[in-house]
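Engineer: Coordinates for the following, if possible.
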Amino acid sequence: MSFKVGIVGLPNVGKSTMFNALTKSKNAEAANFPFCTIEPNVGVVSVPDERIEKISKIAISKKTIPTLITFVDIAGLVAGASKGEGLGNKFLSHIREVDAIVHLLRCFESDEIQNVNKTVDPVRDFEIIETELMLADLESLEKRIGKKNKNVVENEDLNKLLEQAYALLKDGKNPYSLRNDFDSKIINSASILTLKPKIIVCNTGEESIESGNQYTKLIEEHFKGEQIVNISAEIEQQITELGDSEASEFMRDLNIQETGLDRVIRSSYKALDLSTYFTAGPEETRAWTIPTVCKAPDAAEVIHTDFKKGFIKVETIAYEDFIQCKGESGARDKGKLRIEGKDYLVKDGDVLHFRFNT
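Structural biologist: Numbering: from 1, shown residues only. As a prediction, the model looks like this:
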């Protein structure tokens, strides 16, 4: 399964710098003026997961293949984007294609880096973007559920979601809370920008990475319960440009236990409500991405459609058992390998072997 996460924010908040650090590249131009990113940059990133290396070592695999997630560096947005201001139309078309949104917010002062607003206010900046997404959704839904629209969908649940979202937007309210009331498949099929999963990332200065600052505290107070990650995009890029030993020493000097980018990647994975299962053997150990609630045949389909069509059973070993029993044979000997059928809900970390007819 392929998933895309879009990095959005006002111009000059550090999106391209963060993208370059995430993807360990210099593909995205970073410049001190608005709209230096016009066409989105796309990078595929491994999801950090220490389990896969341990499984691969036990299985004595020739190759180790992690699960992946795609990040898209989307052009900076300004107020009025829904009406075509700045690169609004491009922004909105690009953001419709992603599965989740990283809101990168400026939480640092700088005389050197131009700010599109006179003051630093990350809550205001977030609301500017959300307002534009709300206005775009309102316009879109007016066309989709209007009485003269001949293409009204027949799915009752989807119609209900569209109508409720439209009613909230007409009252100037963000419909994001509707995510709690509808099935994820219905939400995804609705293609409503304001219903996409969100991750809030605060871009701070070096001195605020560990304890935050007045701006990150504003975000924490305003968005209680949301996924919030503090990073310094500039420091993260410096880390990616160093060798492994130098990077480790640099992080120790800054008292950084884990890169902010690893946390951004994992938060994005979590926001999309995804899980990982593994396959392991002498040729390769591989991680596979599935929805958190996923039956065995659907998990098999991620490898190949024939696996689902011919599904018979699945051999499953919990990650902890695989490690403790030192592999499949040990797990089998100790009764930790189970045979499950088509109704089995795959658990995060399961090591699976599918049986199927060709």
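
Engineer: just so I have it, where are all the strands in the stretch 201-350 of the chain?
Structural biologist: Assigned by DSSP state E, counting those that start in this stretch, the strands in the stretch 201-350 of the chain fall at 228-231, 274-280, 284-291, 311-317, 338-340.

Engineer: now these in JSON lines, with mean pLDDT and distance to residue 54?
Structural biologist: Heads up, the C-betas are built off the backbone N, CA and C, glycines and all. Shown next, in JSON lines, are those (pLDDT from 0 to 100; distance: least, CB to CB, whole Å):
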{"stretch": "strand 228-231", "mean pLDDT": "91", "distance to residue 54": "25"}
{"stretch": "strand 274-280", "mean pLDDT": "96", "distance to residue 54": "10"}
{"stretch": "strand 284-291", "mean pLDDT": "96", "distance to residue 54": "9"}
{"stretch": "strand 311-317", "mean pLDDT": "97", "distance to residue 54": "13"}
{"stretch": "strand 338-340", "mean pLDDT": "97", "distance to residue 54": "20"}
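
Engineer: Give me the distance between stretch 289-301 and the centre of its chain.
Structural biologist: Averaging C-alpha positions (CA atoms, centre = their mean, to the nearest Å) puts stretch 289-301 18 Å from its chain's average.

Engineer: List the buried residues of that stretch.
Structural biologist: For stretch 289-301, burial by neighbour count (16 or more other CB atoms under 10 Å) applies to 289-291, 294-301.

Engineer: Show me which of those residues is closest to residue 185.
Structural biologist: Set against residue 185, the nearest of these by CB to CB is residue 291 (9.3 Å).

Engineer: dump the residue contacts of that closest one.
Structural biologist: Going by CB atoms under 8 Å, 6 or more residues apart in numbering, residue 291 touches 184, 273-275, 298.

Engineer: swap in residue 179?
Structural biologist: 187, 195, 197.

Engineer: from these, which is closest to residue 99?
Structural biologist: Of the contacts of residue 179, the one sitting nearest to residue 99 (CB to CB) turns out to be residue 197, at 7.4 Å.

Engineer: what residues are up against the closest one?
Structural biologist: 99-101, 179, 271-273.

Engineer: Show me which of these are buried.
Structural biologist: Buried among the contacts of residue 197 by 16+ other CB under 10 Å: 99-101, 179, 271-272.

Engineer: where's stretch 291-311 relative to the chain centroid, distance-wise?
Structural biologist: Distance, centroid of stretch 291-311 to centroid of chain: 22 Å (CA atoms, centre = their mean).

Engineer: sorry, back to before: let me have the buried residues of stretch 289-301 in TSV, extended by distance to residue 280.
Structural biologist: Listed next are the buried residues of stretch 289-301 as TSV, based on distance: CB to CB, whole Å:
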residue	distance to residue 280
289	16
290	16
291	22
294	19
295	21
296	17
297	20
298	20
299	15
300	15
301	19
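
Engineer: between those, which is closest to residue 66?
Structural biologist: Looking across the buried residues of stretch 289-301 and measuring by CB to CB, the closest to residue 66 is residue 289, at 10.0 Å.

Engineer: and the gap between that closest one and residue 278?
Structural biologist: 11 Å (CB to CB, to the nearest Å).

Engineer: same thing with residue 44?
Structural biologist: 19 Å.

Engineer: which one of the two has more residues nearby?
Structural biologist: Using other CB atoms under 10 Å as the criterion, residue 44 and residue 278 rank with residue 278 on top: 22 against 11.

Engineer: That one reaches residue 287, doesn't it?
Structural biologist: Yes: if you go by CB atoms under 8 Å, residue 278 and residue 287 touch, sitting 5.7 Å apart.

Engineer: any shared contact partners between the two?
Structural biologist: In contact with both residue 278 and residue 287: residue 52, using CB under 8 Å, 6+ apart.

Engineer: Include distance to residue 145 and pLDDT when you put the contacts of residue 197 into TSV, please.
Structural biologist: Conversion of these to TSV gives the following (distance: CB to CB, whole Å; pLDDT from 0 to 100):
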residue	distance to residue 145	pLDDT
99	24	92
100	25	93
101	24	93
179	19	94
271	27	89
272	27	90
273	27	91
